[in-house]
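Trainee: Can you look at this prediction? I've put the sequence above it.
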Amino acid sequence: MKILFIGDIVGKSGRATVKELLPSLLKEHSFDLVIANGENVTHGKGINEAHYHELLGYGIDVITLGNHAFSKAEIYKYIDKADKMVRPYNILPQDYGVGYLELEVCGAQVVILNLCGSVFMENVQESPFNSMAKLLPLFKDKIVIVDLHAEATSEKIAFAHQFKYTCSAVLGTHTHVQTADDRLIGSCAFISDVGMTGPYNSIIGRDITEVLDKFKGFNVKTYTVSEDKAQFCAVILDIDESNRKARSITRLQIRP
């Protein structure tokens, strides 16, 4: 089973780059499943309904979210109808959307689970470790792909070691900088951060001048998403559906 996971799509240029590059990648690799983190799709924070459908139209099968999942008030109106969207299982509020999604792919049951880390994150109801341990009985004999949306690299690596024989992949998102630690931990494909599909000449997607002003001590309360052309960051997973073990994980970074 071949899976493409696209890192945090940021703003207009991120969406444009997915539209431009995904068709050729699908043609080249014949992916069985395409997953993307979309928590920064709409103006860099949250996702509205129009952009949700836009990404599905480009060939994405499942959209995961993160700590900005509920940043756009509109999401409360449509998330329960968005059957290809997964919000973090362990964040508040708990009454909207689903924290994991189960699909049949290549004759196997695949679970896409979204979790938030507990370090330096807000509105986290319980640690991802406790959530995962609670859910494991439901996921027996299934391929489990985890989008671990977290700040701390150590938390992501520790999570992968804890669940290295029960998860097929643990993929870090949130920090927007692709890490060079893609590897197999046990039978689990792992990377600390898939990286950002968003403006290349930016500071994690934001306008450079505004971020520099903040670090200089100016009172900057909001940040503008850079309009620079985007890079495309993703990983390609090869998973043996017969035993749920990852065969490989390969980083993909396409710069403008």
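Mentor: That came through, no problem.
Trainee: looking at this protein, which helix or strand does the model trust least?
Mentor: Least confident element among the helices and strands of the chain, by mean pLDDT, DSSP states H and E: helix 208-215 (a mean of 94).
Trainee: what's around V211, how many residues?
Mentor: V211 is flanked by 18 other residues according to other C-beta atoms under 10 Å. The C-beta positions use only the backbone N, C-alpha and C, and glycine is treated the same way.
Trainee: how about the nearest residue to it once chain neighbours are set aside, phi and psi?
Mentor: Of all residues not flanking V211 in the chain, I203 sits nearest, at 4.2 Å (C-beta to C-beta, 6 or more residues apart in numbering). Backbone torsions for I203, taken as degrees, to the nearest 10, come to phi -110, psi 100.
Trainee: and I203, how many neighbours?
Mentor: For I203, the neighbour count with other C-beta under 10 Å is 17.
Trainee: what mean pLDDT does the longest helix anywhere in the chain have?
Mentor: Using DSSP state H to define each element, the chain has its longest helix at helix 11-29. If you average the pLDDT over helix 11-29, you get 97.
Trainee: now what about it, what contacts it?
Mentor: Residues from elsewhere that reach helix 11-29 (C-beta atoms under 8 Å, 6 or more residues apart in numbering): 2, 4, 6, 8-9, 31, 34, 36, 40-44, 51, 54-55, 58-60, 196-199, 205, 225-232, 236, 254.
Trainee: Quick check: buried residues in stretch 200-217?
Mentor: Y200, S202, I203, I204, G205, R206, D207, V211 (16 or more other C-beta atoms under 10 Å).
Trainee: Help me confirm that I157 is found in a strand?
Mentor: No. Under DSSP: H, G, I helix; E, B strand; the rest coil, I157 sits outside any strand and is assigned helix.
Trainee: now the residue nearest to V211: how far from E74?
Mentor: For I203, the distance to E74 (C-beta to C-beta, to the nearest Å) stands at 27 Å.
Trainee: follow-up on the earlier one: so which of the contacts of helix 11-29 are in strands?
Mentor: If you go by DSSP state E, the contacts of helix 11-29 have K2, L4, I6, V34, A36, F232, I236, I254 in strands.
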